Structure formats: structure tokens, C-alpha cells
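J.: quick one: sequence and predicted model below, then my questions.
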Amino acid sequence: MNRMSFDPEDIRELAAILDETGLSEIEISEKDRRIRIARAAAPVSYVPAQPAAAAPAAAAPVAAVPVAAPALDASHPGAVTSPMVGVAYLSPDPESPNFVSVGQRVEAGQTLLLIEAMKTFNQIKAPRGGTVSQIIIGSGAPVEFGEVLLILD
């Protein structure tokens, strides 16, 4: 077994970069070495409408994602995938309805959801027209690059 050694100071510097930039993870690679530092995302200003039920409500959609994820991959013809790492939101704010719902017809370029990354809310738009057949992620769920967010048929 080939064990790579890392300078603890390198790890501390990467952790400091996370703190300075507000990133939730950073990865560097050089030849056959790779270091990835990640931390839990800081709470964002977007909170569900029911503060008392916020933790259980947010936990349920996140727990449901791994169950659906193996059946769907980015190669599905209608898969809309995340272009970035961040936190997904299905509505513009807690009091507003979701941008889209299952069974809804959408046009190319229509906003489907938001992904908050580095304190910026990024609109995820429909790559083509179609009908929303599945919404895979829950509002407030962390998402990874390339993760399937929803399916358009």
C-alpha cells in the first residue's frame, strides 16, 4: 500500500482559504497527489416558513435523495443536472410557490429552481421545453456538480 504524506501546514492553508472565501470545499491535485478539504455548509438566510419544523422538514428531502439517485443518472435524456455545488431552492423565498411542480409544462429558458453558491442565487433554467415528470431534490438540499435535479419529459 502506497501511503502519501501531506504537510499539515498545506492542509491548514487550504482550511484558511475555505474560511476566507466562504467556500464549503476545495480540492487541489498535483501529479499523483490530491487533497480535498470540505466542511458543512454554513446556514443561509433562506429558511423554511415553519421554524419549529425546519430541521425535520429539511432532513426528509435530503434523506430521500440517495434512494432515488441510483435509479437516475445524468445520462437520462430528460435529466437536468446541477452545474455547480451549492444549495438548491425550489422557490424564490419561503412564502412563494415553487418555480415548477410535477406535471407542469415548461418552456426552454424558464427558471426551474435556484442554486445558492458562495452567497449568490443562480437560476437554473430549462434546457428545453417539456413536462416536469420528477423533482429529485428537496428545497434546501445540498447538491453536487452533475447531480440530477429534476427530469423533463
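T.: Great, that's in hand.

J.: mind listing what Arg12 touches?
T.: Shown in contact with Arg12 (C-beta atoms under 8 Å, 6 or more residues apart in numbering): no residues. Heads up, the C-betas are built off the backbone N, CA and C, glycines and all.

J.: residues of the helix or strand where it lies that come out buried?
T.: Secondary-structure assignment from DSSP states H and E places Arg12 in helix 8-21. Buried residues in helix 8-21, counted by 16 or more other C-beta atoms under 10 Å: Leu14.

J.: what does stretch 76-84 give?
T.: Buried residues in stretch 76-84 (16+ other C-beta under 10 Å): 78-82.

J.: just stretch 128-147 next, same as before
T.: 130, 132, 134-143, 147.

J.: how far does that stretch stretch from start to finish?
T.: Using C-alpha to C-alpha, to the nearest Å, the end-to-end distance of stretch 128-147 comes to 18 Å.

J.: do stretch 80-99 as well
T.: End-to-end for stretch 80-99, by C-alpha to C-alpha: 15 Å.

J.: can you check stretch 122-137 too?
T.: End to end - C-alpha to C-alpha - stretch 122-137 spans 16 Å.

J.: again with stretch 29-37
T.: With C-alpha to C-alpha as the measure, the ends of stretch 29-37 fall 12 Å from one another.
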